[in-house]
Each structure stands twice: as C-alpha cells, then as structure tokens.
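Colleague: Below are the sequence and a predicted model; questions follow.
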Amino acid sequence: MLHNTKGIVLRVTKYGDTSLIMTAYTELFGLQQYIVKGVRTTSKKGANKAVYYQPAAILQMEVYHTPMKQLQMLKEVNWDYIYQNVYSDVIRNAVATYIVEVLQQTLQPEPHPELFYLIEDTFKQLDKGGSVLASNLTIYFLIHLTETLGFGLQGKYSEETPLLDVKEGQFVKDKPIHPYFLEGIEAQTASQFMSLQFYNDLENIHLNGQQRKKILELFQLSLSWHYKGFKEIKSLSILQAVLH
C-alpha cells in the first residue's frame, strides 16, 4: 500500500549503477531502508533528485510499505523543510553530523512519533537558532533523547545533591567511587540543561570548550551503556574541534 510519511535521512549508500539505498527515520514506520531508483545518473532529472538524499534532510515521502520487509520502495519525495544554514555553516553542519551518527546507533525499527518529533524539532532549531544555541544543542539533545527513550537523568543540583552521578543517572550527595560524575559548575550547568523547557533558553548557557567537552562525553557514555555494540562516534572529535 502507498503511504505518505515524513522521514529524516540518516544514511545513503550506492546501490547498483544508478540507484541508492536510503536509511530514514520515518514518522509512521520508524527506522526503514528504501530503494531509490535512478538518481545516480548524469541527466538533469537525476541530479535534481539526488539533492534530497543528504543526512539530516527532512523529507515528505510517498512510499510503498510491506511489514517485515527489509527494503521498502520509495515512489516520490519532496522537501518537508528546507534548511537555510545547516549544510552551509561549519558549526551547524558538525552538530547535525554528530546527531545523525548518534541516531544511527540508537534508533529502532518500531515507530516512535514522540522521538521523531524530537529529532525533527532539533534539526529545525539547529537551522534557525543562534550560534550559542547551536553550540549547546548536542548536550540538550542527548538529555532529551535518553529521556524519550526511557532512561533519562533524574533530580537536580542543590546543596543536598551537588554531584551528578552519570552512571546512576541522578544527582547525589556523596562522591561516587567511579569517575563518571560531574561536580561544581559542570554539575550546575547540567542541571540547568535538564530544566530547560524551550530551545531558545540554550542561548543563555555559556560554556568554555573544556566544560562542554566533559559534559557531552559523559552524556554520550551514559547513552552508550544502554546499547550493546555502541561504537565510537567518529564525528565527536570534529565537533569538539569546531566548537572549541
């Protein structure tokens, strides 16, 4: 049957002489792979279609869907949202690349509309927000990603709970025996991130490169503990270099 669904591109690989296989996270069907025929051609028509298939692209798709089938068919595609800055700005592109790589390792085939909307909103805000928002967005996204997946961090910074034990996933009173915790200004900032309600509030959080690096790496490590076979995020070093 034919269905209309939004989809966010995560990966594109060559298939045959003229086609592609696109991995996309869709609003209706979760993580899916689609055969995209005839886009790797030298014709003007093929070149015009190929522009849609870029990681992080938000598309409106008309697809054939057969449950349990590994490869689905894509009939028609168009933009659902056209980026103005994500692909042209160095910082935004590095952030988008990092988020896509995290998603490649964490998303599941089952549909999860709330998660889809979180990803969609995050990429749109990355495109529209200011430079400070863009720099802080990866930390904010990891917090809400884990929360949406059901294992988010708990509690908040206070005199009684001044340490964020990332391994236990909560603010605590006493220093853990392991090294996976935040204290001082980094714990306060993490608590501030966790309490934000709106993307625009990210503009008010100012971190130096070392603080952002430590918080992001620990939050990524926390996420990785929930996924067997979670691999190194190759784009992390590039992101940190750009943000620093």
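Modeller: Here it is on my side, so go on.

Colleague: Stretch 8-16: which residues count as buried?
Modeller: 8-10, 12, 15 (16 or more other CB atoms under 10 Å). Where you see a C-beta, it was placed from the backbone N, CA and C, and this is true even at glycine.

Colleague: And for stretch 187-206?
Modeller: So for stretch 187-206, counting by 16+ other CB under 10 Å, buried means 187-191, 193-194, 196, 199, 202-203, 205.

Colleague: on that earlier part again, looking at the buried residues of stretch 8-16, spot the one nearest Y227.
Modeller: L10 (15.4 Å; CB to CB).

Colleague: Dump the C-alpha coordinates for the longest helix along the chain into PDB.
Modeller: Taking DSSP state H as the criterion, the chain has its longest helix at helix 131-149. Taking C-alpha atoms only, helix 131-149 is exported to PDB below (Å, rounded to 0.1, in the frame of the first residue of the first chain):
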ATOM      1  CA  SER A 131      25.300  30.300  17.300                       C
ATOM      2  CA  VAL A 132      25.200  29.700  21.100                       C
ATOM      3  CA  LEU A 133      22.100  27.600  20.700                       C
ATOM      4  CA  ALA A 134      23.800  25.600  18.000                       C
ATOM      5  CA  SER A 135      26.900  25.000  20.200                       C
ATOM      6  CA  ASN A 136      24.800  23.800  23.200                       C
ATOM      7  CA  LEU A 137      22.300  21.700  21.200                       C
ATOM      8  CA  THR A 138      24.100  18.400  21.300                       C
ATOM      9  CA  ILE A 139      24.000  18.300  25.100                       C
ATOM     10  CA  TYR A 140      20.400  19.300  25.200                       C
ATOM     11  CA  PHE A 141      19.500  16.700  22.500                       C
ATOM     12  CA  LEU A 142      21.300  13.800  24.400                       C
ATOM     13  CA  ILE A 143      19.400  14.700  27.600                       C
ATOM     14  CA  HIS A 144      16.000  14.600  25.800                       C
ATOM     15  CA  LEU A 145      16.900  11.600  23.700                       C
ATOM     16  CA  THR A 146      17.600   9.500  26.700                       C
ATOM     17  CA  GLU A 147      14.500  10.900  28.400                       C
ATOM     18  CA  THR A 148      12.300  10.000  25.500                       C
ATOM     19  CA  LEU A 149      13.900   6.500  25.300                       C
END
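
Colleague: heads up, I number from 3, so please use that
Modeller: Sure thing, new numbering starts at 3, so read that last one as helix 133-151.

Colleague: Understood, closing this out.
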